[in-house]
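>>> Task: produce atomic coordinates for the following.
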Amino acid sequence: MNVSPRELVERFYHEVWNHADEAKACQILSPDFKFRGSLGPESHGRDGFLSYMRAIHVALADFTCIIDDLIVSENRAAARMTFRGFHRARSFGVEGTAREVSWAGSAFYTTDGAQIIDLWVLGDVDGLKRQLGAQSLAAL
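Alright, predicted model coming up:
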């Protein structure tokens, strides 16, 4: 079954990230999925990604990814994103504040016609740290 990169990316955010749906993640992500998230280390395989997703949802209540712009080709996609949630658990050395935070990011996907096989995300971590009151690169 050939699935467009657009459909895979939209499902990845709307079904997987925004609802923390691990069963959908296993459908959409390749067993050998390679992931580099802006808030954590690189991982290989679905389990590494699922651990990362769980940690984000623990730290940020109502975590949501919004696709602001999406560009696709035959087997690749690039998205400009907005990430947001309510800070409820220790992050970057700061205890939960209950404040809403949001930050910009971009994500680059490779697909194989059926699943996402690679994802590399770059987010404005410095901007997020400033919102939390954590030390940012600007303070260095």
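>>> Ramachandran angles for residue 117?
phi -110, psi -20 (degrees, to the nearest 10).
>>> Contacts only, for it.
30, 32-34, 110-111 (C-beta atoms under 8 Å, 6 or more residues apart in numbering). Heads up, the C-betas are built off the backbone N, CA and C, glycines and all.
>>> so how far is residue 109 from it?
8 Å (C-beta to C-beta, to the nearest Å).
>>> CA atoms of stretch 108-117 as PDB?
Output in PDB follows, covering the C-alpha atoms of stretch 108-117 (Å, rounded to 0.1, in the frame of the first residue of the first chain):
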ATOM      1  CA  PHE A 108      12.400  16.500   8.200                       C
ATOM      2  CA  TYR A 109      10.900  13.100   7.300                       C
ATOM      3  CA  THR A 110      11.900  10.200   5.000                       C
ATOM      4  CA  THR A 111       9.200   7.600   4.100                       C
ATOM      5  CA  ASP A 112       9.300   4.300   2.300                       C
ATOM      6  CA  GLY A 113       5.800   4.500   0.700                       C
ATOM      7  CA  ALA A 114       4.100   2.800   3.700                       C
ATOM      8  CA  GLN A 115       5.800   4.200   6.900                       C
ATOM      9  CA  ILE A 116       8.000   6.900   8.200                       C
ATOM     10  CA  ILE A 117      11.600   5.600   8.300                       C
END
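>>> Can you mark which positions in that stretch are buried?
109, 111, 115-117 (16 or more other C-beta atoms under 10 Å).
>>> With stretch 5-21 instead?
5, 8-9, 11-17, 20-21.
>>> And stretch 38-58, by the same measure?
So for stretch 38-58, counting by 16+ other C-beta under 10 Å, buried means 38-39, 43, 46, 48-50, 52-53, 56-57.
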